[in-house]
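[1] model this:
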Amino acid sequence: MNYILFDGPSRNQLLPFTYTRPVADIRVGILTIREKWEHYLETTTTTVTEEYLSDKYPMVELETNVMINASYCPSAELVALIMGLKENQAIFKGEDVIAFFTLESQEDIDLNSFEAIEFNEAILQIEHTWDIFSKNAEAIAQDFALLTKGRQSQPIPSSNNCIAPENIFIEEGAKLEFTTLNASSGPIYIGENAEIMEGSVVRGPLALCENATLKLATKIYGATTVGPHSKVGGEVNNSVLFGYSNKGHDGFLGNSVIGEWCNLGADTNNSNLKNNYAEVRLWDYETERFAKTGLQFCGLMMGDHSKCGINTMFNTGTVIGVNANIFGSGFPRNFVPSYSWGGSSGFTTYNTTKAFEVAKVVMSRRNIEFSEQDEKILLAIFEDSKKFRRE
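    Down below sits the predicted model:
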């Protein structure tokens, strides 16, 4: 069977992160949503996404296909149902379609004509940006069980102080000495060739992905994911860094999501709680206004390739687009559009030529090419986000 992950109605609620990737490639827990599905299905998947992303994330359609709503994360029960789907059958949760069987020859899909299979079990779904950090504890626990089942952890070096070591899993090549790891409140996963430097204190759940680093005396608590090739220092609470991003120095990051290729300058801090303890509102790209989150704690949402200078301060519930460059004293406003250059005193447009020059340098340091596909995607985002900038 050919499995295709589609963005679904949650895509716009997951901006700015879905500007640069399909919903399936959002990281929550240890793995991306796509990686979770591919582990369960034991096969590769392709994608239905925005047209400007489709060259990089193409769809492969065969004679028989199962379409899967990528905002849903897999479970054993759901995967068993999906693998048993037959022609003109669809799986629903309430009014939401989770998956359906389709033939290559079917040009128009009328789900009302499909045999409906109701899925009533609890399932992890990522519908809003804040779900990425607020549901991260559950996602780490699920991924930890999936990745470690039937496997033996590398031994924990004796210099480390550990609580609940049975909930700690270390992959090959990982390095850690003279750290404190408390896995009594959630599992700690240390990926291949990852490193935790001396003096760091971690309270799980933690997902430290391959080639990621916790720098000297880092403090991590609350379900946190440090994506592949990312570096983190200072204090981090309940946050997700997708990958290839750096928060390399002291400063607080809490209840936040950071995309790829981002850099937070030394002593960058974000607020995750309003002074009056009121509900946090976040910028909604679909309604083009601030919307309620239902959360008391919510910090910073930063899209791919965005950066901030030293001593930057972000207010509670700040949304930063793609390729923004923020610097200077004071709080920038709570919504900074893509390709903005400046800070609390105002913004100008960040020229694409300069932005792409930086992207090429940053990516080359990790031996990754800034491709023509990447440039086309970022140009499309520049055009799409014009309406939000004051030019």
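
[2] Quick one: residues contacting T64.
    1-2, 87, 101-104 (CB atoms under 8 Å, 6 or more residues apart in numbering). Quick note: C-beta positions are derived from backbone N, CA and C, even for glycine.

[3] Any idea what it is bridged to?
    Judged by DSSP bridges, the bridge partners of T64 are L103.

[4] Of all pairs in the contacts of T64, which one spans the longest distance?
    N2 and E87 (13.7 Å; CB to CB).

[5] Of those two, which one has the most company?
    Comparing N2 with E87 by other CB atoms under 10 Å, the one with more neighbours is N2, at 18 against 12.

[6] Where does the prediction get shaky in the stretch 1-150 of the chain?
    105-107 (pLDDT under 70).

[7] which residue ranges form the helices in it?
    33-41, 76-83, 131-134, 136-148 (DSSP state H, counting those that start in this stretch).

[8] Any chance of those helices in CSV with distance to C298 and mean neighbour count as columns?
    Below are these laid out as CSV (distance: least, CB to CB, whole Å; neighbours: other CB atoms under 10 Å):
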stretch, distance to C298, mean neighbour count
helix 33-41, 21, 20
helix 76-83, 29, 16
helix 131-134, 8, 23
helix 136-148, 13, 20
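
[9] Identify whichever of those lies nearest to T352.
    helix 131-134 (27.4 Å).

[10] ok, back up a step: okay, the contacts of T64 in CSV with distance to Y19 next?
    Below are these laid out as CSV (distance: CB to CB, whole Å):
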residue, distance to Y19
M1, 31
N2, 27
E87, 35
F101, 31
T102, 27
L103, 32
E104, 30
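
[11] Buried only: go through the residues you listed for me.
    The neighbour-count test (16 or more other CB atoms under 10 Å) marks 2, 101-102 as buried among those.

[12] Could you check the pLDDT of S245?
    At S245, the model reports a pLDDT of 98.

[13] who's in contact with W341?
    Contact analysis of W341 by CB under 8 Å, 6+ apart lists 324-325, 347-350.

[14] who wins for most neighbours among those?
    Neighbour max across the contacts of W341 (other CB under 10 Å) = A324, 26 neighbours.

[15] Surely it and G342 touch.
    No - contact between A324 and G342 fails when scored by CB atoms under 8 Å: they sit 9.1 Å apart.

[16] Surely V232 touches V226?
    Yes - contact criterion CB under 8 Å: V232 and V226 qualify, at 5.2 Å.

[17] shared neighbours of the two, anything?
    Common neighbours of V232 and V226 (CB under 8 Å, 6+ apart) are 212, 214, 241.
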